[in-house]
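K.L.:
from the sequence below, what's the structure:
(one chain, ligands or ions: 2)
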Amino acid sequence: MTIDPAPSRTNRLEVAALAKSVPGPPALFRGLDLVVGAGELVAIIGESGVGKSTLLNILAGLDTADAGEVRVDGVALGPLDEAARTRVRRERIGFVFQAFHILPYLTLRQNVALPLALVSPDARAAGERADAMLDAVGLGMRGSGYARDLSGGELQRVAIARALVHRPALILADEPTGNLDPETAAKVLALFADAVREGGAAAVLVTHSDATAAIADRVLTLTAQGLVPRG
Ligand SMILES: Nc1ncnc2c1ncn2[C@@H]1O[C@H](COP(=O)(O)OP(=O)(O)OP(=O)(O)O)[C@@H](O)[C@H]1O
Ligand SMILES: [Mg+2]
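P.N.:
Ligands and ions are numbered 1, 2, ... in the order given. Next up, the predicted model:
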């Protein structure tokens, strides 16, 4: 399945003049510009409630902005209908949610294989790639176990494996190491770094962690006026 019009992958995220309000003043942000190139990893920091998760949801086409444009891997999200936006998300984006959204009654392998299963008929290849990703996050022996039995840090690692399994053009992750000890965090950060530096993906990681910010090419602070270099 392919998406048109997208002749080739750019692995770029381009955001221009984005504005978003939620009920009750003031606006979360306006005039927000951001370009993340292929092979670039950007960390976004900012106070609780400033709108970081909302921004990631807009970049993934899960929420809509009041104004401005988002272009993922060469495709502008604004003009797309819901079905086309979902296709962009499935095929080109890997998303690690702040609340994981791992499905409790699927096995870990089924959870991780899901992004591939949605776009490719090759279930066996999807299972093998899912196992490799679970191995990479230290859960290789747990693939046939159920997500409902996992700890918070284990769920987070499954979420990261699932976000990277289909080699997305754009990686969006919301506090991806929030529940991990420093050693495990370093291991999963290396996976993000690999996907970006070797896989050529663009990545935006929301984080409060210095270790996560340290692997970023740029660290930006979200403010009501948009993203500004960390002061
Ligand atoms: N659909 C909505 N309706 C009303 N308010 C909303 C909605 N979505 C988000 N908000 C509000 O917008 C603000 C930004 O929320 P968001 O979750 O983006 O913050 P955040 O920067 O990710 O915070 P944290 O660091 O705590 O995760 C919050 O005050 C939140 O309550
Ligand atoms: Mg948040």
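
K.L.:
so who does the residue of the chain found nearest ligand 2 touch?
P.N.:
Using C-beta to the ion, residue 53 is the residue of the chain that sits closest to ligand 2, at 3.2 Å. (Glycine included, C-beta is placed from N, CA and C.) Neighbour list for residue 53: 98, 174, 206 [criterion: C-beta atoms under 8 Å, 6 or more residues apart in numbering].

K.L.:
try 10 Å
P.N.:
Counting by C-beta atoms under 10 Å, 6 or more residues apart in numbering, residue 53 touches 63, 97-99, 174-175, 206.

K.L.:
ok, which of those also contact ligand 2?
P.N.:
residue 98 (C-beta under 5 Å from the ion).

K.L.:
which two in the contacts of residue 53 are spaced the farthest apart?
P.N.:
Of all pairs drawn from the contacts of residue 53, the greatest distance, 17.4 Å, lies between 63 and 175 (C-beta to C-beta).

K.L.:
where do the strands sit along this structure?
P.N.:
13-20, 29-36, 41-45, 67-72, 75-76, 93-96, 170-174, 202-206, 218-223, 226-229 (DSSP state E).

K.L.:
where does the residue nearest to residue 78 when sequence neighbours are not counted land on pLDDT?
P.N.:
Nearest residue to residue 78, sequence neighbours excluded (C-beta to C-beta, 6 or more residues apart in numbering): residue 69, at 5.8 Å. Note on residue 69: pLDDT of 97.

K.L.:
what does residue 25 give?
P.N.:
Looking at residue 25, its pLDDT reads 75.

K.L.:
would you mind listing what in this structure touches ligand 2?
P.N.:
Close to ligand 2, as judged by C-beta under 5 Å from the ion, the chain has residues 52-53, 98.

K.L.:
please redo it, this time with the cut-off set to 6 Å
P.N.:
Residues of the chain found near ligand 2 (C-beta under 6 Å from the ion) are 52-53, 98, 174.
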